[in-house]
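> sequence plus the predicted model coming up.
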Amino acid sequence: MDTLDGLKTVIAVVETGSFTAASDRLGMSKALVSKYVAEVEEGLGVRLFNRSTRRLALTEAGQRYYDQALPLLEEFSEMVDKVTGEQSNPRGVLRVSVPVTFGEMCLAPLIPKFLQQYPEIALDLQLSDKMIDMLEEGIDVVIRIGGVEDSNLIAKHIQTLPLALCASPAYLKDNSRPQKPEDLSDHQCIIDSNFRIGKYWPIVSPSGDSTSVAVTSRISVNSPRAVKEIALAGGGIGMVPRFIVQDALADGRLEEILPSYTMLEFGLFAIFPHRRYLSRKVRCFIDFLAQEFSA
């Protein structure tokens with residue numbers, strides 16, 4: 001084991017919280033992770049972790065080692081990038097977490113293009129709507145709709161995603177079409193429980209006046225694609241990200257409600273750890289997203 005391997009291994013164990021998770025991140029066996037950590041400890045003459053059958057705890061010496069090792073590893077990676085410059089391609093496994101619907105509909109079709117541009121990158125795309133701990137799970141980039149409150153993370157705005165109110169022609173045939181926001185209270189509305197607004201839908205008029213309408217609903221679901229399908233089946237009026245219903249609006253299977261009004265808008269963000277150095281593979285991926293979704 002060389003010193004660099006030891007640095008990488010200890011950092012991975014600290015950030016993932018276990019030898020098993022660190023082995024997954026590093027692509028090596030758990031036994032080898034344990035061996036490398038033991039060799040670092042032996043070389044330093046200190047214990048970095050207190051081990052038990054239930055948990056792995058960082059010692060005071062281990063915390064100092066991690067605090068010093070992390071910037072050293074970042075400086076080494078930065079040095080390699082500066083020396084190789086344009087002569088080498090970004091490489092390695094890039095682990096990306098992305099919301100399920102956006103990942104399936106918008107990002108997945110772009111993956112072949114990204115891999116063609118960067119043939120030495122392998123992509124591990126993980127679709128999930130749950131909040132994750134990037135460091136613990138070894139994720140390089142998180143794509144999320146909405147902001148981020150963790151001060152240890154940086155959120156780069158990629159695009160704004162507007163929402164649309166829509167319903168099926170069959171539903172509108174049986175129910176009077178809303179002419180103003182207050183009319184929504186007389187309709188069955190489909191709630192996306194991912195939105196914190198619940199049954200209070202904010203709407204902005206063409207003149208810029210804002211209002212919050214208390215809507216009636218017997219349906220709540222935590223999937224925007226399910227909201228679309230329920231609306232297509234005549235289940236009521238849904239507030240859905242426009243990219244999800246764009247095809248149905250275009251071919252008439254859904255009709256837009258209050259088209260001159262503005263609904264919610266969410267930001268699409270690429271989120272990564274607040275570190276001094278950002279690896280080339282991560283930078284290339286974020287630049288690729290910005291370019292593809294800038295239109």
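All right, it came through fine. Residues are numbered from 1 along each chain as shown.
> going forward, measure contacts between C-alpha atoms and count neighbours the same way
OK.
> which ones are touching T16?
By Cα atoms under 8 Å, 6 or more residues apart in numbering, the residues touching T16 are 22, 135-138.
> does S207 lie in a helix or a strand, and which?
Under DSSP states H and E, no helix or strand contains S207.
> so what pLDDT did it get?
Per-residue pLDDT puts S207 at 88.
> quick check: phi and psi on it?
Torsion angles at S207 (phi, psi; degrees, to the nearest 10) stand at phi -90, psi 0.
> for T160, see how far away it is.
Per Cα to Cα, to the nearest Å, S207 is found 21 Å from T160.
> returning to that earlier point: what is the nearest of the contacts of T16 to N89?
Taking Cα to Cα as the measure, G138 is the one of these closest to N89, at 21.9 Å.
> for A31, pull up the helix or strand it's in.
Per DSSP H and E: A31 is located in helix 30-44.
> could you point out which element follows that helix?
Next helix or strand after helix 30-44 toward the C-terminus (DSSP H and E): strand 49-51.
> what comes up buried for the next helix or strand after that next one?
Going down the chain from strand 49-51, the next helix or strand is strand 56-58, by DSSP H and E. For strand 56-58, the neighbour count (16 or more other Cα atoms under 10 Å) marks 57-58 as buried.
> what's strand 56-58 packed up against?
On a contact count with 3 or more Cα pairs under 8 Å, 6 or more residues apart in numbering; DSSP states H and E, strand 56-58 meets strand 49-51.
> may I see the buried residues of the strand it packs on?
For strand 49-51, using 16+ other Cα under 10 Å, the buried residues are F49.
> same question, stretch 22-32
Across stretch 22-32, burial judged by 16+ other Cα under 10 Å covers 22-23, 25-26, 30.
> biggest separation within those residues, which pair?
R25 and K30, at 10.6 Å, using Cα to Cα across these.
> ok so, going back, quick check, nearest of the buried residues of stretch 22-32 to L165?
Here the nearest of those to L165, counting by Cα to Cα, is R25; it sits at 42.2 Å.
> for the nearest residue to K8 once chain neighbours are set aside, what are its contacts?
Nearest residue to K8 in three dimensions, chain neighbours excluded: L73, at 7.5 Å (Cα to Cα, 6 or more residues apart in numbering). Contact analysis of L73 by Cα under 8 Å, 6+ apart lists 4, 7-8.
> L232 contacts L254, doesn't it?
Yes: using Cα atoms under 8 Å, L232 is in contact with L254, at 6.5 Å.
> okay, and the common contacts of the two?
Counting by Cα under 8 Å, 6+ apart, the contacts common to L232 and L254 are 167-168.
> more neighbours, those two?
Shown here are L232 and L254; by other Cα atoms under 10 Å, L254 has more neighbours (26 against 23).
> SS state for S212?
strand (DSSP: H, G, I helix; E, B strand; the rest coil).
> how about it, what does it touch?
S212 is in contact with 200-203, counting by Cα under 8 Å, 6+ apart.
> now for K180, how many residues are close by?
11.
> between S207 and T160, who's got more neighbours?
T160 (15 against 8).
> tell me the backbone dihedrals of F243, please.
Per-residue torsions, F243: phi -70, psi -20 (degrees, to the nearest 10).
> what's the closest non-adjacent residue to it?
Nearest non-adjacent residue to F243, counting by Cα to Cα, 6+ apart: L161, 7.7 Å away.
> after the helix or strand that neighbour falls within, next one along is what?
L161 belongs to strand 153-167 when assigned by DSSP H and E. Per DSSP H and E, the first helix or strand lying C-terminal to strand 153-167 is helix 169-174.
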